[in-house]
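> Have a look at this fold, sequence not included:
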(Lines give C-alpha, C1' and ligand atoms only; values in the text may rest on other atoms or scores of the structure.)
Protein backbone atom coordinates (compact mmCIF):
# COMPACT_ATOMS: atom_id res chain seq x y z
CA UNK A 1 0.00 0.00 0.00
CA UNK A 2 2.77 2.40 0.89
CA UNK A 3 4.38 1.82 -2.49
CA UNK A 4 1.12 2.58 -4.29
CA UNK A 5 0.73 5.83 -2.36
CA UNK A 6 4.28 6.82 -3.23
CA UNK A 7 3.68 6.20 -6.94
CA UNK A 8 0.48 8.22 -6.86
CA UNK A 9 2.26 11.12 -5.15
CA UNK A 10 5.04 10.89 -7.69
CA UNK A 11 2.61 11.10 -10.58
CA UNK A 12 0.82 14.07 -9.04
CA UNK A 13 4.11 15.94 -8.69
CA UNK A 14 4.63 15.89 -12.45
CA UNK A 15 2.14 18.62 -13.25
CA UNK A 16 2.80 21.58 -15.50
CA UNK A 17 2.24 24.37 -12.94
CA UNK A 18 5.61 25.78 -11.85
CA UNK A 19 6.02 27.27 -8.39
CA UNK A 20 5.93 31.06 -8.41
CA UNK A 21 5.47 33.70 -5.73
CA UNK A 22 3.23 36.76 -6.07
CA UNK A 23 3.58 39.92 -3.98
CA UNK A 24 1.37 42.99 -3.93
CA UNK A 25 0.47 45.88 -1.63
CA UNK A 26 -2.93 46.58 -0.15
CA UNK A 27 -4.79 48.39 -2.94
CA UNK A 28 -7.72 50.78 -2.79
CA UNK A 29 -8.85 51.54 -6.34
CA UNK A 30 -11.49 54.00 -7.40
CA UNK A 31 -12.42 57.58 -8.16
CA UNK A 32 -11.88 59.71 -5.07
CA UNK A 33 -9.86 57.07 -3.20
CA UNK A 34 -7.12 59.64 -2.53
CA UNK A 35 -9.48 61.26 -0.01
CA UNK A 36 -8.91 58.31 2.33
CA UNK A 37 -5.27 59.27 2.88
CA UNK A 38 -5.73 60.77 6.35
CA UNK A 39 -7.61 57.73 7.60
CA UNK A 40 -4.92 55.36 6.42
CA UNK A 41 -2.00 57.42 7.71
CA UNK A 42 -3.74 57.17 11.09
CA UNK A 43 -4.22 53.41 10.73
CA UNK A 44 -0.46 53.04 10.13
CA UNK A 45 0.22 55.14 13.27
CA UNK A 46 1.90 57.93 11.35
CA UNK A 47 2.39 61.13 13.35
CA UNK A 48 5.00 62.92 11.24
CA UNK A 49 4.80 62.32 7.49
CA UNK A 50 7.34 62.98 4.75
CA UNK A 51 5.33 63.83 1.63
CA UNK A 52 7.46 63.12 -1.47
CA UNK A 53 6.34 64.75 -4.70
CA UNK A 54 7.63 66.94 -7.54
CA UNK A 55 7.11 70.52 -8.78
CA UNK A 56 4.59 69.45 -11.44
CA UNK A 57 2.33 67.79 -8.89
CA UNK A 58 2.66 70.81 -6.59
CA UNK A 59 1.54 73.03 -9.49
CA UNK A 60 -1.37 70.71 -10.37
CA UNK A 61 -2.64 71.03 -6.80
CA UNK A 62 -2.65 67.32 -5.94
CA UNK A 63 0.18 67.53 -3.40
CA UNK A 64 -1.47 70.41 -1.54
CA UNK A 65 -4.75 68.52 -1.40
CA UNK A 66 -3.04 65.46 0.11
CA UNK A 67 -1.06 67.61 2.56
CA UNK A 68 -4.28 69.27 3.74
CA UNK A 69 -6.06 65.92 4.14
CA UNK A 70 -3.28 64.55 6.32
CA UNK A 71 -2.93 67.76 8.33
CA UNK A 72 -6.68 67.78 9.03
CA UNK A 73 -6.12 64.60 11.08
CA UNK A 74 -3.72 66.47 13.38
CA UNK A 75 -0.68 64.86 11.73
CA UNK A 76 2.47 66.83 10.89
CA UNK A 77 3.60 66.92 7.24
CA UNK A 78 7.01 67.78 5.79
CA UNK A 79 7.08 68.22 2.00
CA UNK A 80 10.01 67.11 -0.14
CA UNK A 81 9.51 68.10 -3.79
CA UNK A 82 13.04 68.19 -5.19
CA UNK A 83 12.54 65.17 -7.44
CA UNK A 84 13.59 65.10 -11.11
CA UNK A 85 11.80 63.26 -13.91
CA UNK A 86 14.49 60.56 -13.60
CA UNK A 87 15.19 60.65 -9.83
CA UNK A 88 18.87 61.04 -8.90
CA UNK A 89 20.76 59.31 -6.13
CA UNK A 90 21.58 62.73 -4.64
CA UNK A 91 17.86 63.55 -4.44
CA UNK A 92 17.26 60.30 -2.57
CA UNK A 93 20.02 61.08 -0.09
CA UNK A 94 18.74 64.62 0.48
CA UNK A 95 15.24 63.25 1.05
CA UNK A 96 16.56 60.71 3.56
CA UNK A 97 18.39 63.46 5.44
CA UNK A 98 15.17 65.48 5.64
CA UNK A 99 13.23 62.42 6.80
CA UNK A 100 15.63 61.90 9.71
CA UNK A 101 16.11 65.57 10.59
CA UNK A 102 12.34 66.12 10.77
CA UNK A 103 11.77 62.98 12.84
CA UNK A 104 9.41 61.45 10.28
CA UNK A 105 7.88 58.03 10.80
CA UNK A 106 5.92 57.45 7.56
CA UNK A 107 6.29 58.31 3.88
CA UNK A 108 3.52 59.31 1.48
CA UNK A 109 4.34 59.74 -2.20
CA UNK A 110 2.13 61.40 -4.77
CA UNK A 111 3.08 61.72 -8.43
CA UNK A 112 4.29 59.58 -11.26
CA UNK A 113 7.00 56.96 -11.09
CA UNK A 114 9.72 59.45 -10.17
CA UNK A 115 8.39 60.62 -6.77
CA UNK A 116 7.23 57.11 -5.95
CA UNK A 117 10.61 55.53 -6.75
CA UNK A 118 12.38 58.32 -4.89
CA UNK A 119 10.12 57.89 -1.86
CA UNK A 120 10.71 54.14 -1.80
CA UNK A 121 14.46 54.62 -1.93
CA UNK A 122 14.36 57.34 0.74
CA UNK A 123 12.67 54.91 3.10
CA UNK A 124 15.18 52.14 2.42
CA UNK A 125 18.13 54.51 2.98
CA UNK A 126 16.63 55.81 6.22
CA UNK A 127 16.11 52.30 7.60
CA UNK A 128 19.44 50.86 6.48
CA UNK A 129 21.59 53.95 7.17
CA UNK A 130 23.50 53.61 3.92
CA UNK A 131 24.08 55.25 0.56
CA UNK A 132 21.35 54.43 -1.96
CA UNK A 133 24.00 53.07 -4.34
CA UNK A 134 24.61 50.23 -1.85
CA UNK A 135 21.04 48.98 -2.36
CA UNK A 136 21.41 48.20 -6.06
CA UNK A 137 20.38 44.73 -7.16
CA UNK A 138 17.97 42.02 -6.07
CA UNK A 139 17.18 41.58 -2.36
CA UNK A 140 19.93 43.93 -1.16
CA UNK A 141 17.68 45.84 1.26
CA UNK A 142 18.33 44.21 4.62
CA UNK A 143 15.90 46.17 6.80
CA UNK A 144 12.33 47.07 5.84
CA UNK A 145 11.57 50.69 5.03
CA UNK A 146 9.16 52.79 7.13
CA UNK A 147 5.44 52.58 6.32
CA UNK A 148 4.77 53.81 2.79
CA UNK A 149 1.62 54.96 1.00
CA UNK A 150 1.74 55.64 -2.75
CA UNK A 151 -0.76 57.74 -4.70
CA UNK A 152 -0.07 57.60 -8.46
CA UNK A 153 -1.03 60.53 -10.71
CA UNK A 154 -0.06 58.82 -13.96
CA UNK A 155 -1.31 55.61 -15.54
CA UNK A 156 1.98 54.03 -16.47
CA UNK A 157 4.84 53.50 -14.06
CA UNK A 158 2.90 51.34 -11.55
CA UNK A 159 5.62 52.04 -8.98
CA UNK A 160 2.76 52.12 -6.48
CA UNK A 161 2.26 48.34 -6.77
CA UNK A 162 5.73 47.09 -7.73
CA UNK A 163 8.80 45.89 -5.87
CA UNK A 164 11.10 47.97 -8.12
CA UNK A 165 12.66 51.38 -7.57
CA UNK A 166 14.70 52.85 -10.45
CA UNK A 167 17.25 55.53 -9.55
CA UNK A 168 19.83 57.42 -11.63
CA UNK A 169 23.50 57.29 -10.67
CA UNK A 170 24.35 60.76 -11.95
CA UNK A 171 28.12 60.29 -11.61
CA UNK A 172 28.18 57.26 -13.92
CA UNK A 173 25.20 58.40 -16.01
CA UNK A 174 23.28 55.15 -15.60
CA UNK A 175 20.09 53.94 -14.02
CA UNK A 176 20.13 51.17 -11.46
CA UNK A 177 17.37 49.04 -9.98
CA UNK A 178 16.55 48.31 -6.37
CA UNK A 179 14.43 45.15 -6.46
CA UNK A 180 13.09 43.91 -3.15
CA UNK A 181 9.84 42.93 -1.50
CA UNK A 182 10.65 45.70 0.99
CA UNK A 183 10.07 48.19 -1.86
CA UNK A 184 6.38 47.27 -2.00
CA UNK A 185 4.17 49.98 -0.51
CA UNK A 186 1.98 49.22 2.47
CA UNK A 187 -0.91 50.84 0.60
CA UNK A 188 -1.60 52.06 -2.92
CA UNK A 189 -4.43 54.60 -3.23
CA UNK A 190 -5.15 54.40 -6.95
CA UNK A 191 -7.43 57.24 -7.96
CA UNK A 192 -7.96 57.74 -11.72
CA UNK A 193 -9.20 61.29 -11.10
CA UNK A 194 -5.59 62.38 -10.55
CA UNK A 195 -4.69 61.47 -14.14
CA UNK A 196 -6.89 64.15 -15.73
CA UNK A 197 -4.13 66.71 -15.11
CA UNK A 198 -1.80 64.90 -17.53
CA UNK A 199 -1.29 66.56 -20.89
CA UNK A 200 -1.66 64.42 -24.06
CA UNK A 201 2.09 63.82 -24.37
CA UNK A 202 2.42 62.55 -20.79
CA UNK A 203 -0.75 60.49 -21.20
CA UNK A 204 0.82 58.78 -24.23
CA UNK A 205 4.27 58.28 -22.71
CA UNK A 206 3.05 56.81 -19.44
CA UNK A 207 0.39 54.67 -21.12
CA UNK A 208 2.94 53.18 -23.50
CA UNK A 209 5.20 52.45 -20.54
CA UNK A 210 2.33 50.45 -19.06
CA UNK A 211 1.83 48.61 -22.35
CA UNK A 212 5.52 47.66 -22.35
CA UNK A 213 5.11 46.36 -18.81
CA UNK A 214 2.29 44.15 -20.03
CA UNK A 215 4.16 42.87 -23.09
CA UNK A 216 7.46 42.21 -21.35
CA UNK A 217 6.00 40.54 -18.28
CA UNK A 218 3.81 38.31 -20.46
CA UNK A 219 6.76 36.91 -22.43
CA UNK A 220 9.16 36.96 -19.46
CA UNK A 221 10.84 33.67 -18.63
CA UNK A 222 9.73 34.25 -15.02
CA UNK A 223 6.03 34.66 -15.85
CA UNK A 224 3.31 32.60 -14.20
CA UNK A 225 -0.38 31.90 -14.66
CA UNK A 226 -1.08 34.76 -12.24
CA UNK A 227 1.09 37.35 -13.97
CA UNK A 228 -0.09 36.21 -17.42
CA UNK A 229 -3.70 36.86 -16.39
CA UNK A 230 -2.89 40.42 -15.35
CA UNK A 231 -0.55 41.16 -18.27
CA UNK A 232 -2.97 40.00 -20.95
CA UNK A 233 -5.89 41.95 -19.55
CA UNK A 234 -3.64 45.00 -19.18
CA UNK A 235 -2.66 44.85 -22.86
CA UNK A 236 -6.32 44.66 -23.92
CA UNK A 237 -7.37 47.60 -21.77
CA UNK A 238 -4.46 49.85 -22.68
CA UNK A 239 -4.64 49.29 -26.43
CA UNK A 240 -8.39 49.94 -26.45
CA UNK A 241 -8.63 52.86 -24.06
CA UNK A 242 -5.30 54.72 -24.20
CA UNK A 243 -6.07 56.28 -27.63
CA UNK A 244 -9.51 57.27 -26.33
CA UNK A 245 -8.06 58.88 -23.19
CA UNK A 246 -5.51 60.66 -25.40
CA UNK A 247 -8.27 62.01 -27.65
CA UNK A 248 -10.70 62.82 -24.82
CA UNK A 249 -8.51 63.61 -21.78
CA UNK A 250 -11.43 64.74 -19.59
CA UNK A 251 -13.39 61.50 -20.06
CA UNK A 252 -13.04 59.80 -16.70
CA UNK A 253 -14.43 56.49 -18.00
CA UNK A 254 -11.45 56.22 -20.36
CA UNK A 255 -9.03 57.36 -17.64
CA UNK A 256 -10.45 54.68 -15.31
CA UNK A 257 -9.79 51.94 -17.85
CA UNK A 258 -6.23 53.03 -18.58
CA UNK A 259 -5.46 53.28 -14.87
CA UNK A 260 -6.87 49.79 -14.35
CA UNK A 261 -4.72 48.48 -17.19
CA UNK A 262 -1.66 50.19 -15.71
CA UNK A 263 -2.32 48.60 -12.31
CA UNK A 264 -2.71 45.14 -13.86
CA UNK A 265 0.52 45.59 -15.82
CA UNK A 266 2.31 46.71 -12.65
CA UNK A 267 1.21 43.65 -10.71
CA UNK A 268 2.41 41.50 -13.61
CA UNK A 269 5.86 42.99 -14.06
CA UNK A 270 6.51 43.34 -10.33
CA UNK A 271 6.33 39.56 -10.09
CA UNK A 272 7.49 38.41 -13.54
CA UNK A 273 10.04 41.18 -14.15
CA UNK A 274 10.64 42.77 -17.55
CA UNK A 275 13.02 42.38 -20.49
CA UNK A 276 15.21 43.94 -23.13
CA UNK A 277 12.98 46.96 -23.82
CA UNK A 278 13.38 48.18 -20.26
CA UNK A 279 17.06 47.30 -20.11
CA UNK A 280 17.68 49.50 -23.14
CA UNK A 281 15.32 52.24 -21.97
CA UNK A 282 16.99 52.40 -18.56
CA UNK A 283 20.34 52.87 -20.28
CA UNK A 284 18.95 55.70 -22.41
CA UNK A 285 17.37 57.40 -19.41
CA UNK A 286 20.50 57.19 -17.30
CA UNK A 287 22.88 58.41 -19.98
CA UNK A 288 20.78 61.00 -21.81
CA UNK A 289 18.03 61.71 -19.26
CA UNK A 290 15.50 60.63 -21.90
CA UNK A 291 11.77 60.30 -21.06
CA UNK A 292 11.24 56.70 -19.98
CA UNK A 293 7.87 56.11 -21.62
CA UNK A 294 8.97 57.44 -25.00
CA UNK A 295 12.13 55.31 -24.87
CA UNK A 296 9.97 52.23 -24.37
CA UNK A 297 7.66 53.23 -27.21
CA UNK A 298 10.61 53.59 -29.59
CA UNK A 299 12.09 50.22 -28.62
CA UNK A 300 9.09 47.91 -28.23
CA UNK A 301 8.65 47.01 -31.91
CA UNK A 302 12.34 46.21 -32.59
CA UNK A 303 12.52 44.08 -29.45
CA UNK A 304 9.31 42.23 -30.32
CA UNK A 305 10.90 41.31 -33.67
CA UNK A 306 14.08 40.18 -31.87
CA UNK A 307 12.19 38.09 -29.31
CA UNK A 308 9.46 36.66 -31.54
CA UNK A 309 11.15 33.34 -32.47
CA UNK A 310 11.66 32.61 -28.76
CA UNK A 311 8.11 33.43 -27.60
CA UNK A 312 5.99 33.22 -30.74
CA UNK A 313 3.01 31.47 -29.12
CA UNK A 314 2.70 34.11 -26.43
CA UNK A 315 3.08 36.95 -28.93
CA UNK A 316 0.29 35.37 -30.99
CA UNK A 317 -1.95 35.46 -27.92
CA UNK A 318 -1.04 39.10 -27.38
CA UNK A 319 -1.79 39.83 -31.00
CA UNK A 320 -5.20 38.21 -30.76
CA UNK A 321 -5.90 40.21 -27.61
CA UNK A 322 -5.07 43.59 -29.14
CA UNK A 323 -5.96 43.04 -32.82
CA UNK A 324 -8.91 40.77 -32.18
CA UNK A 325 -8.23 38.01 -34.67
CA UNK A 326 -6.00 35.03 -35.27
CA UNK A 327 -3.13 35.33 -37.72
CA UNK A 328 -1.56 32.87 -40.06
CA UNK A 329 1.93 31.68 -39.21
CA UNK A 330 3.37 33.91 -41.92
CA UNK A 331 2.01 37.32 -40.94
CA UNK A 332 1.57 37.10 -37.16
CA UNK A 333 4.69 39.09 -36.34
CA UNK A 334 4.11 41.74 -39.00
CA UNK A 335 0.49 42.22 -37.97
CA UNK A 336 1.44 42.63 -34.32
CA UNK A 337 4.18 45.14 -35.10
CA UNK A 338 1.85 47.08 -37.41
CA UNK A 339 -0.72 47.33 -34.63
CA UNK A 340 1.92 48.72 -32.25
CA UNK A 341 3.22 51.15 -34.87
CA UNK A 342 -0.33 52.35 -35.57
CA UNK A 343 -0.84 52.94 -31.85
CA UNK A 344 2.38 54.98 -31.65
CA UNK A 345 1.28 57.04 -34.63
CA UNK A 346 -2.13 57.73 -33.09
CA UNK A 347 -0.39 58.91 -29.91
CA UNK A 348 2.01 61.22 -31.73
CA UNK A 349 5.14 59.12 -31.17
CA UNK A 350 7.37 59.61 -34.20
CA UNK A 351 9.90 56.81 -34.82
CA UNK A 352 13.63 57.30 -34.40
CA UNK A 353 15.88 57.50 -31.35
CA UNK A 354 17.90 60.13 -33.20
CA UNK A 355 14.96 62.50 -32.71
CA UNK A 356 15.55 62.09 -28.95
CA UNK A 357 19.20 63.08 -29.26
CA UNK A 358 20.76 59.62 -29.52
CA UNK A 359 23.90 59.60 -31.68
CA UNK A 360 25.76 56.73 -33.27
CA UNK A 361 28.73 57.43 -30.99
CA UNK A 362 26.52 56.84 -27.93
CA UNK A 363 25.56 53.30 -28.85
CA UNK A 364 28.60 51.41 -27.56
CA UNK A 365 28.24 52.93 -24.09
CA UNK A 366 24.44 52.51 -24.07
CA UNK A 367 24.71 48.86 -25.09
CA UNK A 368 27.22 47.97 -22.39
CA UNK A 369 25.02 49.50 -19.70
CA UNK A 370 21.88 47.83 -21.07
CA UNK A 371 23.64 44.46 -21.05
CA UNK A 372 24.24 44.82 -17.29
CA UNK A 373 20.64 45.73 -16.48
CA UNK A 374 18.84 43.09 -14.35
CA UNK A 375 15.76 43.25 -16.59
CA UNK A 376 17.76 41.47 -19.29
CA UNK A 377 17.84 38.27 -17.20
CA UNK A 378 14.16 37.55 -17.88
CA UNK A 379 14.10 38.42 -21.59
CA UNK A 380 12.99 35.37 -23.61
CA UNK A 381 15.81 35.75 -26.15
CA UNK A 382 19.26 35.98 -24.53
CA UNK A 383 20.86 39.14 -25.93
CA UNK A 384 24.55 39.87 -26.38
CA UNK A 385 26.12 43.33 -26.36
CA UNK A 386 26.33 43.05 -30.14
CA UNK A 387 22.61 42.26 -30.39
CA UNK A 388 21.81 45.32 -28.31
CA UNK A 389 24.09 47.53 -30.41
CA UNK A 390 22.31 46.38 -33.55
CA UNK A 391 18.88 47.09 -32.07
CA UNK A 392 19.96 50.61 -31.05
CA UNK A 393 21.34 51.22 -34.55
CA UNK A 394 18.16 49.92 -36.18
CA UNK A 395 16.10 52.24 -33.95
CA UNK A 396 17.98 55.43 -34.82
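Looks like it came in fine. Note that this is a predicted model, so its numbers are computed, not measured.

> Quick check: closest non-adjacent residue to the spatially most central residue of the chain.
The centroid of the chain falls nearest to residue 157 when counting by CA atoms, centre = their mean (3.7 Å). Spatially, and ignoring its direct neighbours in sequence, residue 157 is nearest to residue 113 (2.7 Å; CB to CB, 6 or more residues apart in numbering). (C-beta placed from N, C-alpha, C; glycine too.)

> Against residue 42, how distant is the residue nearest to the centre of the chain?
27 Å (CB to CB, to the nearest Å).

> On the three-state scheme, the residue nearest to the centre of the chain is what?
Counting by DSSP: H, G, I helix; E, B strand; the rest coil, the backbone at residue 157 sits in coil.

> Spit out the contact partners of it.
Residue 157 is in contact with 112, 113, 114, 116, 117, 206, 209, 210, 262, 266, 292, counting by CB atoms under 8 Å, 6 or more residues apart in numbering.

> Give me the local confidence score for residue 18.
Listed pLDDT for residue 18 reads 84.

> wait, it sits on residue 223?
No: the pair residue 18 / residue 223 is not scored as a contact, 9.6 Å apart, by CB atoms under 8 Å.

> Give the residues shared as contacts by these two.
Counting by CB under 8 Å, 6+ apart, nothing touches both residue 18 and residue 223.

> which one of those two has more residues nearby?
residue 223 (24 against 9; other CB atoms under 10 Å).

> The spatially closest residue to the more buried one that is not a sequence neighbour: how many residues sit nearby?
Closest residue to residue 223 apart from its sequence neighbours, by CB to CB, 6+ apart: residue 272 at 4.3 Å. Residue 272 has 26 neighbours, counted by other CB under 10 Å.

> contacting residues for residue 272?
217, 218, 220, 222, 223, 224, 227, 231, 378 are the contacts of residue 272 under CB under 8 Å, 6+ apart.

> Just the buried ones from those, in ChimeraX syntax?
The ChimeraX command for the buried members of those (criterion: 16 or more other CB atoms under 10 Å) is given here:
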select :217,218,220,223,224,227,231,378
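
> so which of the contacts of residue 272 would you say is closest to residue 52?
residue 217 (26.1 Å; CB to CB).

> If you count residues, where's the longest helix of this protein?
helix 225-247 (DSSP state H).

> Please point out which parts of the next helix or strand along the chain from it sit buried.
Per DSSP states H and E, the first helix or strand lying C-terminal to helix 225-247 is helix 252-272. Within helix 252-272, the residues that qualify as buried are 252, 254-272, counting by 16+ other CB under 10 Å.

> measure the residue nearest to residue 223 to residue 222 for me?
For residue 272 relative to residue 222 (CB to CB), the value is 5 Å.

> That concludes my questions; thank you for your assistance.
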